[in-house]
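>>> Provided below are the primary sequence and the corresponding predicted coordinates.
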Amino acid sequence: MKIRNYFPAMQFSNVPNLLTTLSVMTGFISIAFLLNDKLNWAFTSYAITILLDRLDGVVARRFGQSSSFGQQLDSLADVINFCLYPPLYVGLFYGFTTLWMLPFLLLYLMAGVWRLAYFNISGMQQVDRGAYFKGIPTTVCASWFLITFALLHISKINLDIQRMLLCLFFLLTAIFMVSAIPYPKNGFATKLLYVLVPGSVLFVWLVQG
C-alpha cells in the first residue's frame, strides 16, 4: 500500500513545502543559538529563515506546485517565524523580567497573527500597476526587525534605550501590519531588503568577529 494511506499528509511532499518546513527548523535553530549566546549564528540562521520564506513561493510558482496545503503550511510557518520569534528574541535577550516591555511584545504577536488571518481570507489586492498587500507583510516586518536588532546589538547604545527603541519598533510595526497601507509585492522596498538583510548579518560578523 502507498505510504499516503498511513501518513496522508505526506502526499503533499514537494520541494516548496520542504523549504517551508526547513524555514521553521532554521528559525528554531536561531533561537537555540541565541540561548547559547552565539548571536552571530542566530542572526545568520534567522536570515536564512527569511530567505527560505521567499524561496518556497518562488519554487512553487516556477514548478507549478502551488497548493492549498502549501498555503496553509506557509501561513503556519509565518506565525512561528515572523510573529512569535521577533518578540521571543527580545524577551530572551533582554529578559522577560522587564515586564513593561511585555505589552509591546504581545501587541506585535497579536497584530502579526491577525494580519495573517486577514490575508488568508482577502489575499492579494490587484490594481493596474500590479499586486499589492494591504498592510505590511509579517515577513517584511521580521526583516526590519532583524536589521534593527542586529544594528542595536553592535551599537554602544545603553541597554535601556535599546529596549525602548525596540518597543517603539514593535508598536509601529504592529500598527503597520493591520493597517490598510498598500505594500507592492515586488516593489523597491522589498528588493532593498535582499541587500539589507544579508548586509546587516555580514556587518555583525565583521564587527563582532
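Good, I have the coordinates. Predicted, not measured: the structure shown is a model, and the values here were computed from it.
>>> partner strands of the worst-scoring helix or strand of the chain on mean pLDDT and their direction?
Across the helices and strands of the chain, mean confidence by mean pLDDT, DSSP states H and E is lowest for strand 125-127: a mean of 78. Pairing partners of strand 125-127, with direction, according to DSSP bridges: strand 130-134 (antiparallel).
>>> flag every buried residue along the next helix or strand along the chain from the strand it pairs with.
Counting by DSSP states H and E, the element after strand 130-134 in chain order, helix or strand, is helix 138-154. For helix 138-154, burial by neighbour count (16 or more other C-beta atoms under 10 Å) applies to 138-150, 152-153. For the C-beta atoms, the positions are set from N, CA and C on the backbone; glycine is no exception.
>>> quick check: which ranges of this structure have low pLDDT?
1-3, 209 (pLDDT under 70).
>>> can you name the residues in contact with the longest helix along it?
If you go by DSSP state H, the chain has its longest helix at helix 39-62. The contact list for helix 39-62, computed with C-beta atoms under 8 Å, 6 or more residues apart in numbering, reads 15-17, 19-20, 22-23, 26-27, 29-31, 33-34, 65-67, 70, 74, 77-78, 81-82, 85, 89, 139, 142-143, 146, 149-150, 153, 197-198, 200-201, 204-205, 208.
>>> in helices only, show me the residues you listed.
Counting by DSSP H, the contacts of helix 39-62 contribute 15-17, 19-20, 22-23, 26-27, 29-31, 33-34, 70, 74, 77-78, 85, 89, 139, 142-143, 146, 149-150, 153, 197-198, 200-201, 204-205, 208 to helices.
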